[in-house]
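J.: 3D, please:
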Amino acid sequence: MNQELLLQRARHLFDDYLKAHRLRRTPERFAVLETLYRSNEHLDAEKIYQLLRRRRRSISRATVYNTLDLLVKCELALRHQFEPHQARYERAYGARQHDHLICLHCRKVVEFCDPRIHQISTRMGALFDFRIAHHSLILYGYCSDCHGKSAHTESSSNPLLHDLPKSTHR
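T.: Next up, the predicted model:
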């Protein structure tokens, strides 16, 4: 589906959600939605705030955070906790299931889709009589730009490694 049509449908769904919950339908809220849906990145709230400010939009950080919470509640955005103490967001409407690779050095996020992961999920659900609602797979490592750099040594100075479960440290 083309990006403009996707954005138009997301706007309509958000408008319906705001009306149904008797919430204000402000231009600032729709600006946050538009910024998220026009991006191909996983954005944090501060990045969205900065992008809106660069476009001369008068908006507060609180409005950005509150709108992102609303977008998650109405399932138009996904919230990811790739890093400690910082959430990143991506559009949810019209998005296909995918998983993520995260660079521990530069924090680059790469999306990938492999049907074998869905097959494993389905198989495990059947094996354990478990109804799988969704899954999340995040692989941490070093991107091609960073894997040769000496800065990628696994140490306690890397906040992404510091807060990972111990079984993921190798």
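J.: strands of this protein, start to end?
T.: 77-83, 86-91, 99-103, 109-112, 138-141 (DSSP state E).
J.: per-domain residue ranges of this protein.
T.: Per automatic domain parsing, the domain ranges recorded for the chain read 1-95, 97-170.
J.: apart from its neighbours in sequence, what residue is nearest L71?
T.: A77 (3.7 Å; C-beta to C-beta, 6 or more residues apart in numbering). Bear in mind the C-beta positions are built from the backbone N, C-alpha and C, glycine included.
J.: quick check: that neighbour vs L104, distance?
T.: Distance, A77 to L104, by C-beta to C-beta, to the nearest Å: 25 Å.
J.: so where is this structure shaky, pLDDT-wise?
T.: Applying pLDDT under 70 to the chain flags the ranges 1, 150-170.
J.: for it, which segments count as helices?
T.: 3-20, 27-38, 45-54, 61-73, 115-127, 159-162 (DSSP state H).
J.: would you mark the buried spots in the first one?
T.: Looking back up the chat, that one is helix 3-20. Of the residues in helix 3-20, 6-7, 10, 14, 17-18 count as buried by neighbour count, 16 or more other C-beta atoms under 10 Å.
J.: helix 27-38 and that helix, what's the angle between them?
T.: Angle of helix 3-20 versus helix 27-38, following axes from the mean of the first three to the mean of the last three C-alpha atoms, to 10 degrees, is 140 degrees.
J.: tell me how far helix 3-20 lies from the chain's centre.
T.: Computed by C-alpha atoms, centre = their mean, to the nearest Å, the chain-centroid distance of helix 3-20 equals 18 Å.
J.: that one packs against which elements?
T.: helix 27-38, helix 61-73 (3 or more C-beta pairs under 8 Å, 6 or more residues apart in numbering; DSSP states H and E).
J.: okay, the ones you listed in a markdown table with distance to I138 next?
T.: Converted to a markdown table, the helices and strands packed on helix 3-20 look like this (distance: least, C-beta to C-beta, whole Å):
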| stretch | distance to I138 |
| --- | --- |
| helix 27-38 | 20 |
| helix 61-73 | 18 |
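J.: to C143, which of those helices lies closest?
T.: helix 27-38 (23.4 Å; C-beta to C-beta).
J.: out of the helices and strands packed on helix 3-20, nearest to N2?
T.: It is, among the helices and strands packed on helix 3-20 and with distance given as C-beta to C-beta, helix 27-38, at 11.7 Å.
J.: what comes up buried for that closest one?
T.: 28-37.
J.: do stretch 100-110 as well
T.: Going by neighbour count (16+ other C-beta under 10 Å), the buried part of stretch 100-110 is 100-105, 107-109.
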